[in-house]
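> Take a look and give me a structure for this.
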Amino acid sequence: MPKLPVRLSPTVRQLTAAAAMLVLLTAAGIVGFRVTESSSWLDSAWLAVVTLTTLGADSPSTAAGKLFAMGYLLCGLGVASYSLFALGQMVVSTEFRRMWEQRKMDEAISGLSGHNVICGLGRIGQGVCGYLSDRQRPFVVIDQDRELLERVCDGRGWLYVVGDAADDAVLKKAGVDRAASLNTALPTDAENIYVVLSARGLSDRLQIVARATEERAIGKLERAGADRVVSPLASGAVKMARVMLNPHVEDFLAIADGRESDLELADVQIAEGSALCGKTLKDSGLSGKGLMIVGIRRGDGKRIMPPAPDAVIQAGDCLFTFGKRETIAALTHEDGVRDASHPDAVVHALRGKEGTRGHDSTSPGSRASG
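Numbers count the residues shown, from 1 in each chain. The predicted structure is shown next:
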């Protein structure tokens, strides 16, 4: 297959042309002084360089050499002016392009609703973003490191806001008042506590998941307003112990959270008016679609795990559903059925009740069952 020619931007072409003219001008000066001054190649090169750079350490000794030096110097000034113009144009165009892209990104963020906000683009933050991106869930990243954000997010099309995640103005710019959930995985517990406090002050129905580095920070994060607190150290320890004792269980969990297949465990909300309301699990037709209901959370917070086939589906229930990702997505688009992570879901209205907050010591990649 023939290769397509590489197309350079006008500014790059201008800078390339300026560099080529500089090389040709220097070569012409060496030859010119060699002819007019009858000097050696080294002396001619020296005269060409000092004349072009206006150092003026030496001057031509002949009339012809002086005339050539004047013309040579004027050409050099022209090339220098052209180079500065091209360089300035590149700087200005880069800044304008950044401003334009930032404006488009701000418009895209302002149009989001029910999205996820990720605070911190470290290793955990990038993992969370990758998980959401694979499932085509909208999200916005907040981090103070612009270079990191541009390097990681620009090529993937991820939306981001540069700033301190504990700043109310930055959270509002990320649309936290319209978001479904917020995940804060900043390096220190103190930073995460500040983010949780700020986010909870802006939205009562926001689902907040926070990272805890130390065990003593778990209670503080919960009191600050976090719905779930994840300790990577505790999660890693539990996972390693589980692999040691039941290695095949981890294989199943890897399938269940979609790491190695298109299967997924999801939390599905049943609202008033759904065709599923009043039906038993065995009569709902869900199993015929390849979906398995592994648990039910009633509207009053009661959990039924595992549910009996004759369990009746009620409005306000959350069904813990296991099946193919596209099948679950199709289910959540039916009337009266939605993804429980939506900000208007009943599970979020219940966040203030006892038992709705807790420390999640499960694997970070798996979903909490409550």
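> contacts, neighbours, all on C-alpha from now
Fine.
> residue boundaries of the helices in the chain?
10-37, 41-52, 63-110, 123-134, 146-153, 168-173, 189-202, 217-224, 232-245, 247-256, 325-332, 346-349 (DSSP state H).
> can you list the domain ranges for the chain.
If you go by automatic domain parsing, the domain ranges for the chain are 10-107, 114-234, 262-339.
> what's the closest of the helices of the chain to residue 302?
Each of the helices of the chain has some distance to residue 302 by CA to CA; the shortest is helix 346-349, at 11.8 Å.
> Find the nearest non-adjacent residue to residue 145, please.
In space, and not counting its chain neighbours, residue 145 is closest to residue 162: 7.0 Å by CA to CA, 6 or more residues apart in numbering.
> Export the domains of the chain to CSV and append columns for distance to residue 242, mean pLDDT and mean neighbour count.
Rendered in CSV, the data for these read as follows (distance: least, CA to CA, whole Å; pLDDT from 0 to 100; neighbours: other CA atoms under 10 Å):
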stretch, distance to residue 242, mean pLDDT, mean neighbour count
domain 10-107, 43, 76, 16
domain 114-234, 12, 93, 19
domain 262-339, 19, 89, 18
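> And residue 279, how close does it get to residue 13?
Distance from residue 279 to residue 13, counting by CA to CA, to the nearest Å: 69 Å.
> whoops, residue 249 was the one
59 Å.
> Regarding stretch 192-212, how distant is the last residue from the first?
Chord length of stretch 192-212, first to last residue, is 8 Å (CA to CA).
> backbone phi and psi for residue 291, please?
Residue 291 adopts backbone torsions of phi -110, psi 140, taken as degrees, to the nearest 10.
> who's the closest residue to it other than its chain neighbours bridged to?
In space, and not counting its chain neighbours, residue 291 is closest to residue 323: 4.8 Å by CA to CA, 6+ apart. Counting by DSSP bridges, residue 323 forms beta bridges with residue 264.
> Hmm, residue 323 is touching residue 286, no?
No - using CA atoms under 8 Å, residue 323 is not in contact with residue 286; the gap is 10.0 Å.
> how about the nearest residue to residue 62, chain neighbours excluded?
Spatial nearest neighbour of residue 62, excluding adjacent residues (CA to CA, 6+ apart): residue 37 at 6.5 Å.
> For the one you found, give me its contacts.
44, 60, 61, 62, 64, 65 (CA atoms under 8 Å, 6 or more residues apart in numbering).
> go on, residue 170?
Residues near residue 170 by CA under 8 Å, 6+ apart: 142, 161, 162, 163, 164.
> what about it, distance to residue 162?
Distance of residue 170 to residue 162, computed by CA to CA: 8 Å.
> Mutual contacts of these two, please.
Overlap of the contact sets of residue 170 and residue 162 (by CA under 8 Å, 6+ apart) consists of residue 142.
> Could I get the helices of the chain in TSV, plus columns for distance to residue 294?
Formatted as TSV, the helices of the chain follow (distance: least, CA to CA, whole Å):
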stretch	distance to residue 294
helix 10-37	60
helix 41-52	80
helix 63-110	36
helix 123-134	22
helix 146-153	36
helix 168-173	36
helix 189-202	31
helix 217-224	28
helix 232-245	21
helix 247-256	12
helix 325-332	14
helix 346-349	18
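> Any idea which of those helices gets closest to residue 262?
Each of the helices of the chain has some distance to residue 262 by CA to CA; the shortest is helix 325-332, at 5.7 Å.
> and the closest one, what does it pack onto?
strand 263-270, strand 337-339 (3 or more CA pairs under 8 Å, 6 or more residues apart in numbering; DSSP states H and E).
> Taking helix 325-332 as reference, get the angle to the longest one.
What that stands for is strand 263-270. For strand 263-270 against helix 325-332, the angle by axes from the mean of the first three to the mean of the last three CA atoms, to 10 degrees is 0 degrees.
> Would you confirm that residue 194 contacts residue 168?
No - under the criterion of CA under 8 Å, residue 194 is not in contact with residue 168, lying 10.4 Å apart.
> what separates the nearest residue to residue 308 once chain neighbours are set aside from residue 232, distance-wise?
For residue 308, the nearest residue in space outside its immediate sequence neighbours is residue 281; the separation is 7.8 Å by CA to CA, 6+ apart. Distance of residue 281 to residue 232, computed by CA to CA: 36 Å.
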